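Student: Turn this into a structure:
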Amino acid sequence: MALEIERKFLVRDESWNDGTPGVRIAQGYLSLDPARSVRVRLAGENAWLTVKGAAPDITRAEFEYPIPADDARALLEICLPSVIDKTRHRVRTGGHLWEIDVFHGANEGLVLAEVELADESVMPDLPPWAGAEVSNDFRYYNSSLAVTPFSAFASATPPPP
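Tutor: Below is the predicted model of the structure:
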């Protein structure tokens, strides 16, 4: 079975950004059932359909399949509201590849860094721009942000320590 082991952090500042352009991503959900999500992602002319299982911690089942970009565009039209718009940057530091997502639209102002790991017990050395860990805060799951965007809770609650 394919597994994703991922830690997610808020980003403190833009010191990670070396000016290299990222890739714009449109990401929508066909199912947001609590036990599984079905996602379609379009990044340029590359597209994927992904099924993810529930995440009791930071490990979950993940199955991802490439699909034609035209199929992804059609699927995004029938996704549940709303489609996430973000720019993904990749930064290698501390022996890990970090994916930094800069969100747009209703999630404007949110910047998250994700790092995939080989083992759930691993805590990578955090770069200075990595802030509070939000791996287990459902509000920061992309599937949650599609339903309740960052703009709906950003000013209401401070980020975790």
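
Student: backbone phi and psi for the residue lying farthest from the centre of the chain, please?
Tutor: Here the centre of the chain is the reference, and by C-alpha atoms, centre = their mean the most remote residue is Asp70, at 22.3 Å. When read as degrees, to the nearest 10, the backbone of Asp70 gives phi -60, psi -40.

Student: how far away is it from Ala47?
Tutor: 9 Å (C-beta to C-beta, to the nearest Å). The C-beta positions use only the backbone N, C-alpha and C, and glycine is treated the same way.

Student: Tell me which residues touch the residue most central in space within the chain, please.
Tutor: With distances taken as C-alpha atoms, centre = their mean, the residue of the chain nearest its centroid is Asn142 (5.2 Å). Residues near Asn142 by C-beta atoms under 8 Å, 6 or more residues apart in numbering: 27, 39, 84.

Student: what's the closest non-adjacent residue to the last one?
Tutor: Spelled out, it's Ile84. Among residues not flanking Ile84 along the chain, Gln27 sits closest, at 4.4 Å (C-beta to C-beta, 6 or more residues apart in numbering).

Student: check which helix or strand covers that neighbour.
Tutor: Assessed by DSSP states H and E, Gln27 sits inside strand 23-31.

Student: next one: Pro66
Tutor: Per DSSP H and E: strand 59-67 holds Pro66.

Student: partners of that strand in the sheet?
Tutor: Sheet pairing of strand 59-67 (DSSP bridges) gives strand 3-11 (antiparallel), strand 46-53 (antiparallel).

Student: and of those, who's closest to Val102?
Tutor: strand 3-11 (8.5 Å; C-beta to C-beta).

Student: tell me the mean pLDDT over that closest one?
Tutor: Average pLDDT, strand 3-11: 92.

Student: what sits up against it?
Tutor: Under the contact criterion C-beta under 8 Å, 6+ apart, strand 3-11 has outside partners 52, 58-62, 100, 111-120, 123-124, 126, 129-135, 140, 159.

Student: likewise stretch 36-48?
Tutor: Contacts for stretch 36-48 (C-beta under 8 Å, 6+ apart): 23-31, 49-54, 64-69, 71-73, 75-76, 79, 88, 142-143.

Student: In a helix, Ser151, correct?
Tutor: Yes - assignment of Ser151 by DSSP: H, G, I helix; E, B strand; the rest coil places it within a helix.
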